[in-house]
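Asks: predicted model and sequence below, questions to follow.
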Amino acid sequence: MKTFSLLAASAAAMALASPALAQGSRDTSQDFNGPYVGVTGGYTVQPNDGRETFVFDTNQDGTYGETVNTAGGTDAFSPGFCGGSPTGTANVNCRNDKDGFEYFGKLGYDKRMGNFVLGAVIEGGRSEARDEVSGFSTTPAAYRFSRSADYQANARLRAGYTPGGGVLFYATGGGAYAKLDNRFSTTNTANSFADNGRTNGWGYVAGGGAEAMLTSNISLGLEYLYTDIQDDDFVVNVGAGTAGPTNPFLQNGPGTDIKRSDDHFRTHSVRASLNFRF
């Protein structure tokens, strides 16, 4: 529902970018032609990822998909998993992922050819959105993975059509990068836990929008973007700590490695931009 609402809001916002904002007596023949700088602000939401879980490598040989068993041979994580932050240790119940505001700066260049516009844009900034998943063991104990982007950047092409200057409707897409802040926490005080902290994620971004010239040099943009960043480098290493040899994490060796089952950080964004064109 959140994604649908964002798409509907984006479509409605684009419809408001009427040529009436930019027409009048002004010459629009050179609109959307040349370099520009801008600032962007908007809102980011997480898609529904309630089926995400953990994956385990119980003998630390690099192969995931194994089961952490108790000394009696039962699944130590049989209570299950949920997408979000845990509300306790015994019940499989989570708070939702955190959506949040985003803010970016950008630099771009457009080349107008009649009513068609081709361009490129690079931008960098950050979003306050956070993606979490939690697991629950029979101990009972809760385990939580959390990731957010310290900062993000992307380089995109865009192609659009302007009905006669003044307003541009376009599609856009390209590569994306994020410095990801991965974190792990647990109520398990017996085992030791170590991780590799912040990671680099690469992916793509795609979307579309509308941009209207308010004056000869200033434009207002409205845009929807979908971003998919691959994040498969974060690993939690579980060691013995003060736990005995019958501990579930120690059944097949000196420890167990844990990852999230979904190695993609996906977001939907609706944003507005204010641009100055040279």
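Replies: Right, received. Where do you want to start?
Asks: now do the spatially closest residue to residue 33 that is not a sequence neighbour, the pLDDT please.
Replies: Of all residues not flanking residue 33 in the chain, residue 112 sits nearest, at 3.9 Å (C-beta to C-beta, 6 or more residues apart in numbering). Just so you know, the C-beta spots here come from the backbone N, C-alpha and C atoms, and that holds for glycine as well. As predicted, residue 112 sits at a pLDDT of 95.
Asks: ok, residue 112 to residue 28 distance?
Replies: Residue 112 sits 10 Å away from residue 28, going by C-beta to C-beta, to the nearest Å.
Asks: tell me how far residue 115 lies from residue 222.
Replies: 20 Å.
Asks: the more surrounded of those two?
Replies: With neighbours defined as other C-beta atoms under 10 Å, residue 115 and residue 222 compare such that residue 222 has more, 22 against 12.
Asks: so what strands line up beside whichever strand or helix holds that one?
Replies: Assessed by DSSP states H and E, residue 222 sits inside strand 218-230. Here strand 218-230 is paired, per DSSP bridges, with strand 199-213 (antiparallel), strand 264-277 (antiparallel).
Asks: could you give the mean pLDDT of that strand?
Replies: 96.
Asks: show me what counts as buried in it.
Replies: Neighbour-count burial for strand 218-230 flags 219-227, 229 (criterion: 16 or more other C-beta atoms under 10 Å).
Asks: of those, closest to residue 47?
Replies: residue 226 (9.2 Å; C-beta to C-beta).
Asks: I figured that closest one hits residue 267, correct?
Replies: Yes: counting by C-beta atoms under 8 Å, residue 267 is a contact partner of residue 226 at 7.5 Å.
Asks: count the neighbours of the nearest residue to residue 66 once chain neighbours are set aside for me.
Replies: Closest residue to residue 66 apart from its sequence neighbours, by C-beta to C-beta, 6+ apart: residue 58 at 4.5 Å. For residue 58, the neighbour count with other C-beta under 10 Å is 23.
Asks: how close does residue 58 sit to residue 65?
Replies: 10 Å.
Asks: cool, residue 181 as well?
Replies: Residue 181 is 26 Å from residue 65, by C-beta to C-beta.
Asks: could you pull out the helices in the stretch 1-150 of the chain for me?
Replies: Remark: helices assigned in the stretch 1-150 of the chain by DSSP state H, counting those that start in this stretch are 2-16.
Asks: show me where it has strands.
Replies: For the stretch 1-150 of the chain, the strands defined by DSSP state E, counting those that start in this stretch occupy 34-45, 54-57, 80-82, 85-86, 94-95, 100-113, 116-127, 130-137, 141-161.
Asks: which one of the ones you listed lies nearest to residue 69?
Replies: So among these, strand 54-57 is nearest, using C-beta to C-beta, at 10.0 Å.
Asks: so what's the closest residue to residue 78 other than its chain neighbours up against?
Replies: In this structure, residue 78 finds its nearest non-sequential neighbour in residue 138, 6.2 Å apart by C-beta to C-beta, 6+ apart. Listed by C-beta atoms under 8 Å, 6 or more residues apart in numbering, the contact set of residue 138 reads 70, 74, 76-79.
Asks: repeat for residue 243
Replies: Residue 243 makes contact with 190-191, 249-250, according to C-beta under 8 Å, 6+ apart.
Asks: who's residue 227 bridged to?
Replies: Under the criterion used (DSSP bridges), residue 227 bridges to residue 205, residue 267.
Asks: from what I see, it and residue 176 are in contact.
Replies: Yes: with contact defined as C-beta under 8 Å, residue 227 counts as touching residue 176 (5.5 Å).
Asks: so how far is residue 256 from the closest residue in space to residue 259 that isn't next to it in sequence?
Replies: In this structure, residue 259 finds its nearest non-sequential neighbour in residue 55, 5.3 Å apart by C-beta to C-beta, 6+ apart. Distance, residue 55 to residue 256, by C-beta to C-beta: 11 Å.
Asks: read off the pLDDT value for residue 25.
Replies: We have a pLDDT of 60 for residue 25.
Asks: quick one on the thing from earlier: the residue nearest to residue 259: what's it in contact with?
Replies: 64-65, 258-261.
Asks: with that, I have no additional questions.
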